[in-house]
Structures are given as structure tokens and as C-alpha cells.
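>>> Dropping the sequence and predicted coords here.
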Amino acid sequence: MESSHVENDLVNILFTEEQIQARLAEMAEQITADYEGRDLVVVGVLRGAVMVMADLSRAMPRHIEMDWMAISSYGSGTKSSGVVRILKDLDSDISGRDVLIVDEIIDTGLTLSWLVNSLRNRGPRSVEIATLLRKPEALAMPVEPKYVGWDIPNEFVVGYGLDYNEKYRNMRDIGTLAPHVYS
Ligand code: 5GP
Ligand code: MG
Ligand code: MG
């Protein structure tokens with residue numbers, strides 16, 4: 001049975017809206033300083049990174065270009081399929097430019113390690129990663145994000161762009177799902 005109020009399905013709030021905004025502001029300050037005077041293309045990974053992109057980019061008091069990629073590494077549910085493919089490519093030419101990939105979570109790192117390699121082949125000046133969350137225990141590929149919001153335990157989280165079967169993305173907080181949701 002489906003409950004009508006999304007927050008009822010959460011067992012535990014990990015990060016509140018306020019905590020997320022405060023951390024993103026710190027990350028934005030660091031990014032702004034690091035890329036001062038440089039031509040920055042910020043690439044959001046659809047669909048999970050939509051909220052992080054919106055808030056991180058608005059916390060940067062400078063011009064940036066915002067572009068998007070959609071890649072698929074997960075089917076439905078909570079397990080990685082191990083297959084990565086491009087569903088939507090960049091609109092911009094990134095050759096000679098500084099690229100910052102923005103994602104909401106690094107789990108195994110499979111998706112981002114593949115994406116970084118793919119973008120490096122296009123001749124950018126640099127490619128770095130900013131992620132709100134990272135699960136160090138799950139990391140299976142050598143991915144080194146320059147900016148990380150928080151490291152979290154190896155459990156499935158939802159909210160603030162993160163989905164379970166395409167639900168919960170629109171929650172403002174990040175939390176873990178109650179077991180009854182999976183059954
Ligand atoms: P990776 O390739 O690093 O294993 O997984 C990357 C993608 O898997 C993320 O961008 C996200 O879409 C999904 N993912 C990984 N861990 C979680 C999680 O705990 N919750 C949700 N909702 N999605 C996750
Ligand atoms: Mg993502
Ligand atoms: Mg997902």
C-alpha cells in the first residue's frame with residue numbers, strides 16, 4: 001500500500017534541508033575560489049543531481065554555464081546494473097574548458113569513473129567532481145571527487161533528488177526508507 005505523504009516512509013532523516021543548504025554554501029565558496037578567473041562549465045548528472053545543481057549553482061556568485069547529461073547505470077530498485085550508457089549528451093563543446101561534474105551521490109563510482117573518462121576524451125582543460133554524498137565503503141572504482149558534502153554509511157538513501165523507483169526525489173530532506181516500502 002502506498003502512503004499519501006512521502007515523509008511517512010522515512011525511518012531516519014540523515015540531513016535536513018537546512019544542513020544541506022549550509023553545506024552546499026561552503027562547497028560553493030570553495031569552488032568559487034578555486035575557479036576564479038576561469039571559464040567554468042558545470043555539468044549536472046540527470047536526474048538525481050537536479051536539486052544539487054539548482055542550489056549549488058545559485059550559491060556561486062559568478063557566471064557559469066550549466067549543462068546536463070543523462071546516463072543510466074541503475075535500473076529500478078536499489079542495485080547497480082553495471083551497465084552505463086548515455087541517454088542525453090552535453091549540448092556544449094567542452095574542449096579547452098574547465099568542467100565540474102555535479103552529482104548527488106557516489107556509490108560504487110562506476111557511473112562517474114566512466115563519465116570522467118568519457119569527458120576527458122573531449123579535450124577539456126580539467127574535469128573535476130562535486131558530489132553531495134559519498135559512500136566510501138561501496139566504492140569499487142577509482143573516483144576522486146574534489147568536493148564532497150558528506151561521507152555516509154553504505155545504506156540506501158532518498159530525498160533531495162535521490163529516488164526509489166522514481167519516487168521521493170521531491171523531498172527536501174535526505175533520509176533512509178522504512179523497510180515496509182521495499183516489500
Ligand atoms: P554508482 O555508479 O556510484 O554506483 O551509482 C551512482 C548512481 O546510483 C547515483 O547517481 C544514484 O542515482 C544511484 N544511487 C547510488 N546510491 C544510491 C542511494 O543510496 N540512494 C539512491 N536513491 N540512489 C543511489
Ligand atoms: Mg546521480
Ligand atoms: Mg535512481
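All right, it came through fine. Ligands and ions are numbered 1, 2, ... in the order given.
>>> low-confidence ranges in the protein?
Under the criterion pLDDT under 70, the flagged ranges of the chain are 1-8, 74-82, 183.
>>> Now with 50, please.
1 (pLDDT under 50).
>>> Check which residues of stretch 36-47 are buried.
40-45, 47 (16 or more other CB atoms under 10 Å). Backbone N, C-alpha and C define where each C-beta goes, glycine included.
>>> Show me which residues of the protein are close to ligand 2?
By CB under 5 Å from the ion, the residues of the chain that approach ligand 2 are 45, 48, 103.
>>> so, if you compare the buried residues of stretch 36-47, which one comes nearest to residue 62?
Of all the buried residues of stretch 36-47, residue 62 sits closest to residue 40, with 7.6 Å by CB to CB.
>>> my read: the closest one touches residue 100, true?
Yes: the pair residue 40 and residue 100 qualifies as a contact (CB atoms under 8 Å) at a distance of 6.3 Å.
>>> re the thing from before, turn the buried residues of stretch 36-47 into a markdown table, columns for secondary structure.
Putting those into a markdown table (DSSP: H, G, I helix; E, B strand; the rest coil) gives the following:
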| residue | secondary structure |
| --- | --- |
| 40 | strand |
| 41 | strand |
| 42 | strand |
| 43 | strand |
| 44 | strand |
| 45 | strand |
| 47 | coil |
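>>> got the buried residues for the top helix by length along the chain?
Longest helix of the chain, by residue count under DSSP state H: helix 17-34. Residues of helix 17-34 classed as buried: 20, 23-24, 27-28, 31 (neighbour count, 16+ other CB under 10 Å).
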